[in-house]
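> Give me a model of this one.
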Amino acid sequence: MEKHCTNWTLLLVLCGLLPLASQAGRQMPKLSDKKLCADSECSHPILIARALQDYYPQDCRFIPIQQGQSVYVYAMLKDRGNLFWAGSVQGSYYGEQEARLGFFPSSVVEETHVLMPAEVEVKTDKWDFYCY
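The predicted model follows:
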């Protein structure tokens with residue numbers, strides 16, 4: 001039986017091209033208008049840090065961190081005193097947990113290795129604060 005749809009989102013879901021889970025996303029408030037990165041795409045890590053304490057996320061923009069974990073920092077939010085950084089967590093061995101980028105307070109980590117200077121100022125956009 002052929003499916004006929006007029007709404008694009010409904011069409012994509014019913015025809016199996018868009019999973020239902022993707023419908024759960026939502027826009028969250030911006031934490032900053034600018035970020036400092038190593039490159040214009042914020043694709044290269046700036047530094048590696050070690051978690052000083054556990055951090056439990058406030059909402060889906062943030063990542064959980066456990067004391068002692070290594071955190072790869074890709075961006076430092078700029079406007080509000082550099083309170084939040086963006087990065088991903090690496091466990092005790094590669095592949096221990098799914099890689100996920102998110103924000104965390106800079107106060108819960110200490111820098112261990114500087115990889116590249118964070119000299120490129122990039123404007124944030126709505127996708128930086130979108131929850132999937």
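
> Give me the phi and psi for the nearest residue to residue 56 once chain neighbours are set aside.
The spatially closest residue to residue 56, leaving aside those adjacent along the chain, is residue 64, at 6.1 Å (Cβ to Cβ, 6 or more residues apart in numbering). C-beta: built from backbone N, CA, C; applies to glycine. Backbone geometry at residue 64, expressed as degrees, to the nearest 10, gives phi -80, psi 140.

> tally of neighbours for residue 64?
14 (other Cβ atoms under 10 Å).

> what about it, distance to residue 117?
The spacing between residue 64 and residue 117, counted by Cβ to Cβ, to the nearest Å, is 28 Å.

> and what of residue 32?
Residue 32 sits 19 Å away from residue 117, going by Cβ to Cβ.

> For these two, indicate the residue with more neighbours.
The residue with more neighbours, out of residue 32 and residue 117, is residue 32; 21 against 11, by other Cβ under 10 Å.

> give me phi/psi at that one?
Backbone torsions of residue 32, given as degrees, to the nearest 10, read phi -170, psi 160.

> which one is it nearest to, not counting chain neighbours?
Once chain neighbours are set aside, the closest to residue 32 by Cβ to Cβ, 6+ apart is residue 77, at 3.7 Å.

> All good on my end, thank you.
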